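Colleague: coordinates only, sequence not included:
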């Protein structure tokens, strides 16, 4: 069974500094996808970044980058130059396989607070 | 981009009544829809997967008779909470595979429904 683990319930970061949110996963499927989502207090799920299991390079999207270490089964999110608007809950998620019915399973989440 | 419209955004109902939540894909065909439940400050827990024209697949521990899911068309999936009780109060959110965005298909989420049972 697949499993996603986020061990940091809460994190603080000073505005303009970088922060790393940890995520480890466990799966026996060689084909999988890893996602990071941001959930502000409004509840909407905002897609941030995606990493496929066969991707050779770490994914980057603007201020977001994913530190993908396949052998260690970790997919940490790095947010550079933090902004006050980055304060939210962040979820790591995994999809196994490539089928149309691939479920997205979420980690426990990390609440990030950016200090001015 | 792909949009999933979820209604209502919030609902308050009396204990014992049923509540229906709708998710519509506006500009794509959602053959598969996922329904999640989220308690405050907790993770999204997958409740069930619905496929158009067939019965939903429920996750272990989810009461299928209490949470009725119907996916009658390629653009509409509904979740009905039957005989709701205060412990059913939660944030319910749907998600559809939209096959756009990230490689091998991304997911588009509805805006969520906050259910309060009094």
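Modeller: That came through, no problem. Because the structure is predicted, anything quoted here is derived from the model rather than measured.

Colleague: Return the list of strands paired to whichever strand or helix holds residue B:21, each annotated with direction.
Modeller: Residue B:21 belongs to strand B:19-25 when assigned by DSSP states H and E. Paired with strand B:19-25 in the same sheet, following DSSP bridges, are strand B:4-7 (antiparallel), strand B:76-81 (antiparallel).

Colleague: Nearest to residue B:45 among these would be which one?
Modeller: When the strands paired with strand B:19-25 are compared by Cβ to Cβ, strand B:76-81 sits nearest residue B:45, at 13.6 Å. The way it works is simple: take the backbone N, C-alpha and C, and place the C-beta from them, glycine included.

Colleague: Please identify the most buried of the strands paired with strand B:19-25.
Modeller: Of those, the one with the most neighbours on average (mean count of other Cβ atoms under 10 Å in any protein chain shown) is strand B:76-81, at a mean of 22.

Colleague: Following the chain past that one, name the next helix or strand.
Modeller: Assigned by DSSP H and E, the successor of strand B:76-81 is strand B:90-97.

Colleague: Pipe the strands paired with strand B:19-25 into TSV and attach mean pLDDT and distance to residue A:15 per row.
Modeller: Putting those into TSV (pLDDT from 0 to 100; distance: least, Cβ to Cβ, whole Å) gives the following:
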stretch	mean pLDDT	distance to residue A:15
strand B:4-7	96	33
strand B:76-81	96	39
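
Colleague: The residue of chain A found nearest chain B sits in which helix or strand?
Modeller: At 3.5 Å from chain B, residue A:50 is the closest residue in chain A, using Cβ to the nearest Cβ. Per DSSP H and E, residue A:50 falls inside strand A:46-52.
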